[in-house]
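**Student:** Sequence and predicted structure are below.
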Amino acid sequence: MIKIENLNIHLSEFNLRDINLNIEENEFFILMGPTGAGKTVLLEALAGLIKTKSGNIIIGKKNITKLPPEKRGVGIVYQDYSLFPHLTVLENINYGLHFHKIDKPQAEKRLNRLVEDLNLSHLLKRFPLNLSGGELQRVALARALMVNPSVLLLDEPLSALDTNFREEIRAGLKRLHKNSNVTFLMVTHDFAEALSLADRAAVMNNGIIEQTGSIEDIFQRPDSTFVANFVGMKNLFAAQFRDTKALTGSIEIELGHKPANSHGYIAIRPEDIVLSKESLASSMRNSFRGTVTGVLDQGLYYEVDVMVENVTFKSLITKSSLFELGIQEGIEMLLSFKSTAIHNF
Amino acid sequence: MKPGNFCKLVLLTATGILLVALATQGFAAPKGKVVIFNAGSLTIPLAKMEKAFEAKHPGVDIVREAAGSRKCARKISDLKKPCDIMASADFTVIDTMLIPEYANWNIRFATNRLVLCYTDKSRYADKINAGNWYKILTKKGVVWGHADPNADPCGYRSLMVLQLAEKYYKKPGLYQKLINSRPKENIRPKSVELVALLQTGNMDYAWEYRSVAVQHGLKFVELPDQINLGNYKYDNFYKQAVVELTGKKPGTTTKKKGKSCTYGVTLIKDAPNKEAATAFLQYMLNPEGGLKILKEMGQPPFIPCRVPTAEMMAILPAELQKLVEIKK
Amino acid sequence: MRSKEPFFWITISCGIVIMAFILIPLVEMMTAPSFAMLKETIKDKDVVRSIWLSIYTAGLAAIISFVFGTPLAYLLARTEFTGKRLVESIIDLPIVIPHPVVGIAILSVAGRNHWIGQIFSDLGIRIMGSVTGIVVVLTFVGLPFYVNAVKNGFESISPRLENVSRSLGASMFSTFFRITFPLAWRSMLIGIIMCSARAISEFGAVVIVAYHPMIAPVMIYERFEAYGLKYSQPVAVWLVSVCLALFLILRILTLRNKQEA
């Protein structure tokens, strides 16, 4: 649906280099990356609001690289929703109709459906000035979808909302996507959002794309240290590979398969590490004895750092488990994880 | 000492001090500011005179304000602006507007005559001459003007030239026809402003004094003496021209008769710096000083300068009397 | 800043000094002429004509500034380019240049000795001593005030609104008229007021280009020179009163709209 070929963008202080991306029709695609990675720049380039230096953007079968924004059929919802303050909610939603030839009954049908789906009927005569964040967002979505774009770009649409309602709104967004035939491309910081909404995703850093793939691939099988760090794989170690084993520091870790390369990295998610006092009667191939070097309160969870020989592993554990196991700094613990939990690259 | 003798001593000493003071006053160099209100057409000659005089008397600062001569007089009589010397392009302005309340005497020091100025960029510049000027001015598209008669003598003199032309060339209705071809927008309060309009090409022809034309390097058409107000022999012909001007208050008018251009100068009665002003006049009316400069700049001076009557000669300051003769 | 502390009193005193500085000479001038004098002055056709000339030439200058200045203001608000600072300084030049110099400069270009003046002359357009010339001068001195006011107005509107409008299918033209203009019109009005105010009071530049037809400030000066304070003050009073009334009406109109919104 969206094909980005070798896109290069030169801005005064920032460059996007050799961006290649393939997004399927009706996919919910998520763009992630640290601040300043270039996500918004890429979004605005897709919308035609930023000039590109070289490369192609193809939507469907049309090469839209040289087209002005109004001819692209690409909608955009900004983080602050950017509703037109001098128009009512209804006028905002119907704004695009001035420029698209849709016959009246069809337009009315679409309007009614959107208003119902997004629960806006009681807001139609109001002005944006007095609406809440959630209401603004729904109007912005209705406005963008009213003209039936082929692609909808969303720039962190949920980050300005209360965390309490995020799940609800996330579900609403997912429903909206399913009920339409529009390709969604969304930028987000929030991993929970990415995991629950995305079909596929890409991670950007410093103007290039680091990794593209299914959301699972990115989180479980990052193929670079940057992505691994970014997605929160905190146990990232350089290692030598011999046969089916990985050697890091002075530890030997069983991988369960033979890697293709002779040296590289291994990464393990903190959640996949199990802490115990005695050996577990399970099939975890890797089990090490280590000393607790740190107990860090992360709010909902505790991070426990355990040093095995000269390698420090970070694990996540609930508060109750912490007290149950009587974990404190200095005590000895058993640290175990499955071979399948290890990602090597 | 006896009281009577003491008093005499005091009186003597006081007189002595006074005499010394007066004596030193007489010998002291003139200094301070001298304010001159002068006609616009005298600007360039007076500037040169100012330079020469200030070089000889570095303590003096001459400050000049140029305007139409009638406006100059009004500044003195109505606005009561402080002024030492008034130099007018028409001596009658001093006679009618300043004497006797603001001035006592009037020295006539130079003449002038009116010419029609233009540049080589003016329309029909290659065709115009003394015989066809009045036809060219009324041609369509020709932009010509003169000074405001109510402010500047050059203004009413220009109108008089046009009236006299009607009589001289024996073309009845010529004056009105000429006036009709000159809209109000082509009038400027000071005749010298017209020079800038000619030079930038905003105006084709302007009525100016011959001296001003020479000083600014403009081309000009010389007119017959009978109509150019330059020869006092034709005063009887000149007085046929009559122009109505605004009076002292808005709404009142006064009539002016044609007369040859004679420039006059006077010392204002309440002059703040009589001494330095008189010293300057000494220089200005000297045939080797100011009068020489006037001659060089195309403005024929009276050598010597004139006053009309013996009574007026008597009230002139002593230093100036020797530079002036009695002649009507 | 709490009231009754020294900082507060200092700000109040400075305010009072400034108000007095502005008001005292103006009140003196406005109250000097008698009612009879004022009535007599306004009956003078020349006075009425010159005040009307002042108003409508200033209005024309404001309209021209509006038409040509708005696109420039938009460009300056929305784009960055090398030499932008230079362009902005050039726009501010008319504020800095002494007024007679402005008049002389315009006169030099308008005469037939300059190629532009030659073109005007061939087309029959007259600058010296004409309403056209006056409007040219007033536009010259008033433009910077309009452009700067409107540029600020555009800068305060988020470009994202325009981006969204375009993404919904609107061309740049449609976006400007449907989104930008409705949000910026108040700053345009302020710009027009500033420009007109500056234009109406211009003297030094106009008097060089056109003595006749006579705008009000020239008439005030001419009357002062010829007849003195007594005859020039009433014209000044009428001019200031008419302008005050006009600007007040304009401001009230905009205030009412703000409350409606």
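**Tutor:** Right, received. Where do you want to start?

**Student:** what's the domain layout of chain B?
**Tutor:** Domain assignment for chain B by automatic domain parsing gives B:30-111+B:262-326, B:114-257.

**Student:** Dump those to CSV, plus distance to chain C and mean pLDDT.
**Tutor:** In short, each C-beta sits where N, CA and C put it, glycine included. As requested, the domains of chain B are exported to CSV (distance: least, Cβ to the nearest Cβ, whole Å; pLDDT from 0 to 100):
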stretch, distance to chain C, mean pLDDT
domain B:30-111+B:262-326, 5, 91
domain B:114-257, 3, 91
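
**Student:** Determine which of these approaches residue A:221 most closely.
**Tutor:** Nearest to residue A:221 among the domains of chain B is domain B:114-257 (82.0 Å), distances taken as Cβ to Cβ.

**Student:** Which one, of the domains of chain B, ends up nearest to residue C:145?
**Tutor:** Checking those against residue C:145 by Cβ to Cβ gives domain B:114-257 as the closest, at 27.7 Å.

**Student:** Mind putting the domains of chain B into JSON lines with distance to residue A:66 and mean neighbour count?
**Tutor:** As requested, the domains of chain B are arranged in JSON lines below (distance: least, Cβ to Cβ, whole Å; neighbours: other Cβ atoms under 10 Å in any protein chain shown):
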{"stretch": "domain B:30-111+B:262-326", "distance to residue A:66": "67", "mean neighbour count": "19"}
{"stretch": "domain B:114-257", "distance to residue A:66": "51", "mean neighbour count": "19"}
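
**Student:** Can you check which of those domains gets nearest to residue A:259?
**Tutor:** For residue A:259, the closest of the domains of chain B is domain B:114-257, at 88.9 Å, according to Cβ to Cβ.

**Student:** Figure out the length between the terminal residues of the closest one.
**Tutor:** 16 Å (Cα to Cα, to the nearest Å).

**Student:** wait, isn't residue C:230 in contact with residue C:36?
**Tutor:** No - in this structure, residue C:230 sits apart from residue C:36 without contact. The criterion is Cβ atoms under 8 Å, and the distance is 11.9 Å.

**Student:** hang on, the earlier thing: to residue A:266, which of the domains of chain B lies closest?
**Tutor:** Smallest distance to residue A:266 across the domains of chain B (Cβ to Cβ): 86.7 Å, for domain B:114-257.

**Student:** residue contacts, residue A:140?
**Tutor:** Applying Cβ atoms under 8 Å, 6 or more residues apart in numbering or on different chains, we find residue A:140 in contact with A:77, A:78, A:81, A:82, A:83, A:157.

**Student:** Looking at residue C:230 and residue C:36, which has the bigger crowd around it?
**Tutor:** The residue with more neighbours, out of residue C:230 and residue C:36 and counting by other Cβ atoms under 10 Å in any protein chain shown, is residue C:230; that gives 15 against 9.

**Student:** Within the helices and strands, which one has that one?
**Tutor:** For residue C:230, the enclosing helix or strand under DSSP states H and E is helix C:229-260.

**Student:** where's that helix relative to the chain centroid, distance-wise?
**Tutor:** For helix C:229-260, the gap between its own C-alpha mean and the chain's C-alpha mean amounts to 13 Å (Cα atoms, centre = their mean, to the nearest Å).

**Student:** got it, and stretch C:99-108?
**Tutor:** The chain centroid and the centroid of stretch C:99-108 are separated by 18 Å, computed with Cα atoms, centre = their mean.

**Student:** Tell me which residue of chain A lies closest to chain B.
**Tutor:** residue A:12 (45.9 Å; Cβ to the nearest Cβ).

**Student:** would you say that residue is within a strand?
**Tutor:** No - Residue A:12: not assigned to a strand; according to DSSP: H, G, I helix; E, B strand; the rest coil it is coil.

**Student:** Tell me if the helix holding residue C:230 is near chain B.
**Tutor:** Yes - residues of helix C:229-260 contacting chain B under Cβ under 8 Å from any Cβ of the partner chain: residue C:231.

**Student:** picking up where we left off before, ok, how many other residues are close to the nearest residue to the residue of chain A closest to chain B once chain neighbours are set aside?
**Tutor:** When the adjacent residues along the chain are set aside, residue A:12 lies closest to residue C:80, with 7.6 Å between them (Cβ to Cβ, 6 or more residues apart in numbering or on different chains). Counted by other Cβ under 10 Å, the residues lying close to residue C:80 total 7.

**Student:** re the thing from before, could I get the domains of chain B as JSON lines with distance to chain A?
**Tutor:** As requested, the domains of chain B are arranged in JSON lines below (distance: least, Cβ to the nearest Cβ, whole Å):
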{"stretch": "domain B:30-111+B:262-326", "distance to chain A": "57"}
{"stretch": "domain B:114-257", "distance to chain A": "46"}
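
**Student:** where do the strands sit along chain B?
**Tutor:** Remark: strands assigned in chain B by DSSP state E are B:32-39, B:60-67, B:85-88, B:107-111, B:114-118, B:144-147, B:187-188, B:205-209, B:219-221, B:242-246, B:253-257, B:262-267, B:301-307, B:324-326.

**Student:** For the fifth one, which strands pair with it and how are they oriented?
**Tutor:** Next to strand B:114-118 in the sheet, as set by DSSP bridges, lie strand B:205-209 (antiparallel), strand B:219-221 (antiparallel).

**Student:** between those, which gets nearest to residue A:198?
**Tutor:** Of the strands paired with strand B:114-118, nearest to residue A:198 by Cβ to Cβ is strand B:205-209, at 84.9 Å.

**Student:** Just the residues contacting the closest one, thanks.
**Tutor:** Around strand B:205-209, the neighbours that count as contacts under Cβ under 8 Å, 6+ apart are B:41, B:89, B:112-118, B:122, B:128, B:136-137, B:142-147, B:154, B:157-158, B:161, B:191-192, B:194-195, B:197-198, B:218, B:220, B:261, B:299.

**Student:** so it versus strand B:107-111, what angle?
**Tutor:** 140 degrees (axes from the mean of the first three to the mean of the last three Cα atoms, to 10 degrees).

**Student:** Could you pull up phi and psi at residue B:126?
**Tutor:** When read as degrees, to the nearest 10, the backbone of residue B:126 gives phi -80, psi -10.
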